[in-house]
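1. have a look; sequence and predicted model below, questions after that.
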Amino acid sequence: MKKIYVLGAIMSVIMASMLAVPGYGITCPEGSKRAGSNVSSLAECNIEATEGDNGLMNVVGKIIGVIIPVLGVVAVIVVIYGGFLFMTSTGDSNKVQKAKSTILYGLIGLIIAVLAYAIVNFVLDGVFG
């Protein structure tokens, strides 16, 4: 159970660090809705996204587009490893319990990864949508 909390804490820190944007007093660029205004982040400038724009939304989307499939593959490997442990347990109750725990941790990790993806997309769509 401790592994689940550690994995959840790590995922929370990673996702929060992706969303943290320091406020430095930025002047909005020309072409934005608030051109010339001093704001704490570019999100307040209401800049229209253009095709091929490398804004925060696209960068975070690309990062998450790489991280989530990797986490999914790792979770599937953990579940397969748990199945292997289960099949080779030869009736030993300790090995069976370890195998069930491994499968459960793999499934919970996959659920956490999917929920993290959904939460980040929801927040980014709310902020930049």
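-> In hand now; what should we look at? Numbers count the residues shown, from 1 in each chain.

2. mind listing what's buried in the lengthiest helix in the chain?
-> Counting by DSSP state H, the longest helix found in the chain is helix 93-128. Neighbour counts over helix 93-128 (16 or more other CB atoms under 10 Å) mark 99, 102-103, 105-106, 108-110, 112-113, 116-117, 120, 124, 128 as buried. Every residue, glycine included, has its C-beta placed from N, CA and C.

3. pLDDT on that helix, on average?
-> For helix 93-128, mean pLDDT is 86.

4. report all helices and strands that it contacts.
-> Judged by 3 or more CB pairs under 8 Å, 6 or more residues apart in numbering; DSSP states H and E, helix 93-128 is in contact with helix 2-19, helix 56-87.

5. comparing those, which yields the minimum mean pLDDT?
-> For these, where the average pLDDT is lowest is helix 2-19, sitting at a mean of 60.

6. so what touches stretch 96-103?
-> For stretch 96-103, contacts defined as CB atoms under 8 Å, 6 or more residues apart in numbering pick out 78-79, 81-83, 85-86, 89.

7. can I get those residues in TSV with neighbour count and distance to residue 36?
-> Compiled in TSV, the contacts of stretch 96-103 are given as follows (neighbours: other CB atoms under 10 Å; distance: CB to CB, whole Å):
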residue	neighbour count	distance to residue 36
78	19	53
79	18	55
81	14	58
82	20	59
83	14	61
85	17	63
86	15	65
89	16	69
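
8. tabulate those (CSV), appending distance to residue 66.
-> Below are those laid out as CSV (distance: CB to CB, whole Å):
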residue, distance to residue 66
78, 19
79, 21
81, 23
82, 25
83, 27
85, 29
86, 31
89, 35
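
9. any idea how many residues pack against the nearest residue to residue 114 once chain neighbours are set aside?
-> Distances taken as CB to CB, 6 or more residues apart in numbering place residue 68 nearest to residue 114, at 7.7 Å, with adjacent residues excluded. The tally of other residues near residue 68 (other CB atoms under 10 Å) stands at 15.
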